[in-house]
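Participant: coordinates only, no sequence provided:
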C-alpha cells in the first residue's frame, strides 16, 4: 500500500493558497494565452484535487469528481492532446502544487549571522542559511571565500538576519551557483 499526500491543511492552508496563487500568476505571465487552463488548474489545486502516490499525481476531474487522471510528465485526459505541448489543466494543477511547495520552502528558510570554525580551528564570520527542517544548508563567508555546507557543530549562530529578500531576487544558493559569482569574487 502506498502512502498518499495532498495539499497541507490547518494553519498552513492560507500560506499554501497564497503560494498557489503566486505560482499561478507566474505561470500566466510565462504561458501567455493559457490563462484559462492555468485558472482551472489553480481551482483544482486550491480544492485539494491533487493527490501524490508512488511517483505520480492523481488529479481530480472538474467535470466529474469521481474521475481522476494520472499525471507523470504527461496526462491521460482528453484535453492533453489539444493543449499546447500537452499542458492541460491537470498538468498545471500539479505544476502549481510543486511551485507552491518550493515557494514555501524558500520562504521558510532563515538566514543567520554565524561563525564557522574550520577543521584547522580558524574562526570565520558569515551568513548561514537554515531550511524549514532547521538544518544548516549553506554558509557564505563574509570575507569572500568559497561558500560551504558545514557540519552543524562547526557553526555558532549569532543572530537572525532581519532583511527580507526582494520578491524578484534569486535565492542566495542560486546566485552563488552562477558563473558570474565566481568571476565577481576573483575580480575578472
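Facilitator: Nice, thanks for sending it over. Predicted model, so just to flag it, every value in this text is computed and none were measured.
Participant: ok, now how distant is the residue nearest to the spatial centre of the chain from residue 126?
Facilitator: Note on the chain: the residue nearest the mean C-alpha position is residue 102, at 1.3 Å, using CA atoms, centre = their mean. Using CB to CB, to the nearest Å, one gets 25 Å for the distance from residue 102 to residue 126. Any C-beta I mention is one placed from the backbone N, CA and C, and that applies to glycine too.
Participant: close enough to count as contact, residue 70 and residue 58?
Facilitator: Yes. In this structure residue 70 lies within contact range of residue 58 using CB atoms under 8 Å: 6.2 Å.
Participant: neighbour count for the two, which is higher?
Facilitator: More neighbours surround residue 58 than the other of residue 70 and residue 58, with 19 against 14 (other CB atoms under 10 Å).
Participant: please enumerate the helices of this structure.
Facilitator: Counting by DSSP state H, the chain forms helices over residues 12-30, 35-46, 89-108, 172-177, 179-186, given from the N-terminal end onward.
Participant: need those in CSV with distance to residue 117 and mean pLDDT, can you?
Facilitator: Output for the helices of the chain, formatted as CSV (distance: least, CB to CB, whole Å; pLDDT from 0 to 100):
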stretch, distance to residue 117, mean pLDDT
helix 12-30, 36, 85
helix 35-46, 45, 95
helix 89-108, 27, 85
helix 172-177, 21, 53
helix 179-186, 22, 53
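Participant: tabulate those in TSV, adding columns for distance to residue 161.
Facilitator: Listed next are the helices of the chain as TSV, based on distance: least, CB to CB, whole Å:
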stretch	distance to residue 161
helix 12-30	21
helix 35-46	32
helix 89-108	14
helix 172-177	10
helix 179-186	19
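Participant: and of the ones you listed, who's closest to residue 114?
Facilitator: Each of these has some distance to residue 114 by CB to CB; the shortest is helix 172-177, at 13.3 Å.
Participant: which strand residues bridge the residue nearest to residue 138 when sequence neighbours are not counted?
Facilitator: What sits nearest to residue 138 in space, not counting adjacent residues and going by CB to CB, 6 or more residues apart in numbering, is residue 129, at 4.5 Å. Note on residue 129: beta-bridge partners residue 111, residue 138, judged by DSSP bridges.
Participant: thank you kindly, that will do.
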